[in-house]
Every structure is written in structure tokens, then in C-alpha cells.
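[1] Need the 3D shape of this:
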Amino acid sequence: LMYEGGIANKNYSISNNATAVLDLRPNNCAPDTLLFPIVQYKSMFRKTLLSFVMVLAATFSLRAQQDTSAYFRYNFVDPEEFVIKDIKVQGAKYVQEALEVIYSGLSINQTIRIPGDAISNALVNLWKQEYFADIQVGLQRLPAKKIVLTFYVTERPRLSKFCIKGLKTGESKNLREEITLKSNNIITQNLLNKTRQENKEYYDKKGYFNADAEFSREPDPAKPNFEIIRIKVTKGEKVKIEDIVFSGNNALTEATLLKSLKKTKRLKGKINPFVSSRFIEEKYREDLDKLLVRYYEKGYRDAEIEF
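    Presented below is the predicted three-dimensional model:
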């Protein structure tokens, strides 16, 4: 089994004994300290969580081929109960330790079973906050069946600043007012997806339905664990209305219906060059309501429009 993050690699053989003896300690851990297999939560959370559970279950059925008398012992068949004497956090710089303890769902003097669900649930709870790119948990056994939990965390990078490329200065300024990116935001995939959606919604209103945004990230040399995001915006071409075709309009002529569309104009047969033929969905739906009103005025109360 191979573990990352400075933990020495170990060779294990399968044992039929239900008691698992683990030596997964970093070099700076005390002999009675166990460090759980590292859980590196990335983008595919469910897959990672499943892998963690499988690795954890498999680990409990392994015995190291060495003298293990001083190491943390577990009985997978008959879990032991321990009282949490203390909960520590290492690696956090911006998230307060007290908050992390609260997020974990664990508390001092709480009795938990090892192995059991309490620690894995704590990892899940911490991951849901989206503060961390990596989470590990270490256990130190004390007399009288007490333990000290230590969460080793690596915080996600935060936003130092962002710039917009591919637009004119005025357009870039207007777009900045529409998107909600702020300095010190924790950078997650959800944050980038939200920004991309805000960009799309902004340009949809202007008739650019193929607009897109690409992100590039680089560390800010002046701020540790902060990143600069560069947003490359591609507007694409404006979507214009080539033609408007009606069917089923037996009561009203096409010319009458076209006149009712005050804010939706086609390119075909266009006379006034100053009238826009851009497709704006909001204005288009307003014009559809006006078409219905025209039919209602003629006494067709059951008229419907399909589009």
C-alpha cells in the first residue's frame, strides 16, 4: 500500500486475525500515534469517499510484518470505545480552529467507537465546507481509553485578484459589475462555474448566446496560497432573427401578427436599418403575450401559442 504526504510506504500481508496493527505514522509522530490513510478530496467527491471507505476497511484487515507492540491496535470485529480528550487542527491559516472543530461534528469528552463512523463522518462534514483541498486525521492513544484527534488540513487557495481578457475596457468594466467574484474568495470549482454562468447570463441579455469564459490560474508571488485568475471572455457573434414564420393563423394575417411584434423584428424584408433584429428572449416573450392579446380582442379567448 502506498500513501502520500510524507508517510513511509509499507508492505503488508493479509492476516486472518481480526486485530489490525497499523504503522502509518509520519516520521515526526510519537510511537502511540496513528495517522489515518490520507483522504485527498478533489473534484470527484463520491468516488474519493468510496475509495476511502474501501481502503479503510482493507487496512483494518492487514498486519505489518514487523514488531508492532508499541503501535495503535484495533479490533475490527469488536470495536473499542474511546473518549475524546482533545481535538487539534494543524495547517489552517484562515479558518479558525474552533470553527473547524464545530464543523467536524465531534466534541471533547465525546465517546466514539474505533473503528466506527464518527471519524469518517467528521471528514465528510469538514469536506462539505469547501475550505480544504486535503484532509488527514491522526489519533494519539492515551491511558484510560482516551484519545487526541488531530486534523491535518491543507486550505484551498484564495482569490487575490482577477482580470478580464478579450474585451474592450468599457465592456470589461461593465462585466465586472455583473459577476460576483471578490478578493479573498475561496477558489472552488463551484465558484468558477458560477462565474461562467454569470458571464453567460450577462451576454445572453445582449444577444450573444454563444458567449463563453475560460479561466487560467497562477499563484500570487506576494501572497502565499493566493491565486490570480485570468478570465478570457469570448462573446461570439450576436444571434439575429432571420425570419419569423406563423402557422395556424387563420383568423389574423401574417402581416397583422408581425406588426404586433413590437420588439422582435426579422432581417427578412427589413426596411428600417435602425431597427434591431437581435433575438432577446425577454422581449420575445413580451411580444408573444401581445399576440395573445390581439387574438383576445378579436374574441378568440381560447387562443394559444406554441413555439
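[2] use CA for all of it now, contacts and neighbours both
    Noted.
[3] Name the residues of stretch 254-273 that are buried.
    Neighbour counts over stretch 254-273 (16 or more other C-alpha atoms under 10 Å) mark 257-258, 260-261, 263-267 as buried.
[4] got a list of contacts for it?
    240-244, 246, 275-280, 283-284, 287-288, 290-291, 294 (C-alpha atoms under 8 Å, 6 or more residues apart in numbering).
[5] Now list the buried members of those.
    240-241, 277-280, 284, 287-288, 290-291, 294.
[6] Make TSV out of the residues you listed and add distance to Cys163, secondary structure and pLDDT.
    Formatted as TSV, these follow (distance: C-alpha to C-alpha, whole Å; DSSP: H, G, I helix; E, B strand; the rest coil; pLDDT from 0 to 100):
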residue	distance to Cys163	secondary structure	pLDDT
Lys240	30	strand	82
Ile241	33	coil	83
Ser277	32	coil	76
Arg278	29	strand	75
Phe279	29	coil	77
Ile280	28	coil	76
Tyr284	34	helix	83
Asp287	38	helix	86
Leu288	40	helix	88
Lys290	42	helix	87
Leu291	44	helix	88
Arg294	49	helix	87
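[7] quick check, nearest of those residues to Ala98?
    Of all these, Ile280 has the smallest distance to Ala98: 50.1 Å, by C-alpha to C-alpha.
[8] before we move on, back to that, farthest pair within the buried ones among the contacts of stretch 254-273?
    Lys240 and Arg294 (25.1 Å).
[9] Tell me the secondary structure of Leu123, please.
    helix (DSSP: H, G, I helix; E, B strand; the rest coil).
[10] Show the backbone phi and psi for the nearest residue to it once chain neighbours are set aside.
    The spatially closest residue to Leu123, leaving aside those adjacent along the chain, is Ser104, at 6.7 Å (C-alpha to C-alpha, 6 or more residues apart in numbering). When read as degrees, to the nearest 10, the backbone of Ser104 gives phi -70, psi -30.
[11] Make sure Thr154 is indeed in a strand.
    Yes. Assessed by three-state DSSP, Thr154 belongs to a strand.
[12] Skipping adjacent residues, who's closest to it in space?
    In this structure, Thr154 finds its nearest non-sequential neighbour in Asp134, 5.0 Å apart by C-alpha to C-alpha, 6+ apart.
[13] Could you grab the helix/strand/coil label for the one you found?
    Per three-state DSSP, Asp134 ends up strand.
[14] Against Pro115, how distant is it?
    In this view, Asp134 and Pro115 are 21 Å apart by C-alpha to C-alpha, to the nearest Å.
[15] Mind checking which of these two has more residues around it?
    Pro115 (19 against 16; other C-alpha atoms under 10 Å).
[16] Enumerate every residue touching that one.
    74-76, 79-80.
[17] Which members of these are the farthest-apart pair?
    Phe76 and Glu80 (8.9 Å).
[18] Can you tell me the element the most centrally placed residue in the chain falls in?
    By C-alpha atoms, centre = their mean, the mean C-alpha position of the chain lies nearest to Asn190, the distance being 3.7 Å. For Asn190, the host element (DSSP states H and E) is helix 189-204.
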